[in-house]
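Asker: Below are the sequence and a predicted model for it; my questions follow.
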Amino acid sequence: MGITIGILSIGNVDPTNLVPIKDGLPKIFPKTATQIVDDKLPLSPNALDKQRGQYRSNQILAAIQVYAQKTSLCRVLGVLDEDIFVPDLNFVFGEATFPGNSALISLRRLRPEFHREPPNLELFAERAVKEAVHEVGHTLGLKHCHRLSCVMHFSNSIFDTDKKQRVFCDECFMQAAIAIDCLK
């Protein structure tokens, strides 16, 4: 087996929302195992920007990095159900160390209901897996891809996320496979 990715709840996350991510990541990354870790990280109130009503993703990512250093996991993907942002952007779906061992995704804007659409668990799970693959890809050193269908294409909106596939283009797949082989 290659690498193990631990999926870590940040704040209050419905554990059933982690299962599609746990099951989806190994289908995309060669020689990868996933596990939902028992630990949960609290969501620091210091990360909340009260004016924006959003959390600073870099502060949450820093907490995930500290957690990751204390484990034997190769990668840790934090999952939270709050809206997140980075400076100069209205929001982000996720953030990752590049390259590194820590990543983060937010489920908030991946929900169809956020966009005034009817609930759709299948679409929600598909979006979550795409964003998880994207952020873990960054931890492996993959940059944003210019191909619209590649999972490493930057999502500026939920429409971009829906357009891209959950898999890498050929070029990004080779980069991911090489990066994983180097981690053994």
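Answerer: Ah, there it is. Numbers count the residues shown, from 1 in each chain.

Asker: And the residue nearest the centre of the protein?
Answerer: A132 (3.2 Å; Cα atoms, centre = their mean).

Asker: mind listing the strands for the protein?
Answerer: Secondary structure of the chain (DSSP state E): strands located at 3-10, 32-41, 48-49, 54-56, 75-80, 84-85, 94-96, 102-106.

Asker: Reformat the ones you listed as CSV; add mean neighbour count.
Answerer: All C-beta spots, glycine's among them, are computed from the backbone N, C-alpha and C. Shown next, in CSV, are the strands of the chain (neighbours: other Cβ atoms under 10 Å):
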stretch, mean neighbour count
strand 3-10, 23
strand 32-41, 15
strand 48-49, 14
strand 54-56, 21
strand 75-80, 27
strand 84-85, 23
strand 94-96, 24
strand 102-106, 28
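
Asker: burial of the residue nearest to P119 when sequence neighbours are not counted, as a residue count?
Answerer: Leaving aside its sequence neighbours, P119 sits nearest to E113 (Cβ to Cβ, 6 or more residues apart in numbering; 5.6 Å). Close neighbours of E113, defined as other Cβ atoms under 10 Å, add up to 10.

Asker: E113 contacts L123, correct?
Answerer: No: with contact defined as Cβ atoms under 8 Å, E113 does not reach L123; the gap is 10.7 Å.

Asker: Show me the shaky parts of the chain.
Answerer: Counting by pLDDT under 70, the ranges of the chain that qualify are 1, 184.

Asker: At which residues are the helices of it located?
Answerer: Remark: helices assigned in the chain by DSSP state H are 19-28, 57-69, 121-139, 158-163, 170-183.

Asker: list the helices and strands the longest one packs on?
Answerer: Put plainly, it is helix 121-139. helix 19-28, strand 75-80, strand 94-96, strand 102-106, helix 158-163 (3 or more Cβ pairs under 8 Å, 6 or more residues apart in numbering; DSSP states H and E).
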